[in-house]
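Trainee: quick one: sequence plus predicted model below, questions after.
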Amino acid sequence: MISGKFAITLHILTLLSKHKDEFLSSEFIANSLNMNPVLVRKEIANLKKNDVVESREGKNGGTRLLRAADTITLDDIFKITFDHVTLGYSKNEPNQECPVGKSINQNLQNLYDDLNNNISKQLSEVSLLNFSDTF
């Protein structure tokens, strides 16, 4: 399902790319997002797990990009936040006696596969640096 997770992750990474030589605190990042620092730290943990950022603790601690922004595509970020986009299926099992009902889920799956391929293709053409430069 679609959520704001991609937007939140991209917001965090855009901030980090704008301050590439600094360790930004989760409070600083959370202030930009206007959200709780605990939620920011959850997203940062996912980015650390995927080797996109590094963090350090202490007075001068925080988070910074581990890789150059021009080597990270928006598709990389998308795949960190989602396995794929799906607009969902009916919670009821369709009637298999109906010509539409017996094929609806497979046709939806084909549509979702095409959507994911198109999203991936388009996002892979934009680097974090390209996106960051629009600010």
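Mentor: Okay, I see it.
Trainee: check contacts around the spatially most distant residue from the centre of the chain.
Mentor: Distance from the C-alpha centroid of the chain, by C-alpha atoms, centre = their mean, peaks at residue 97 (39.8 Å). By C-beta atoms under 8 Å, 6 or more residues apart in numbering, residue 97 lies in contact with nothing. (C-beta placed from N, C-alpha, C; glycine too.)
Trainee: surely it forms part of a helix?
Mentor: No: counting by DSSP: H, G, I helix; E, B strand; the rest coil, residue 97 is not part of a helix but coil.
Trainee: would you mind measuring from it to residue 90?
Mentor: Separation of residue 97 from residue 90 (C-beta to C-beta, to the nearest Å): 16 Å.
Trainee: repeat that for residue 130.
Mentor: Relative to residue 90, and taking C-beta to C-beta, residue 130 is found at 39 Å.
Trainee: what does residue 44 give?
Mentor: Residue 44 is 36 Å from residue 90, by C-beta to C-beta.
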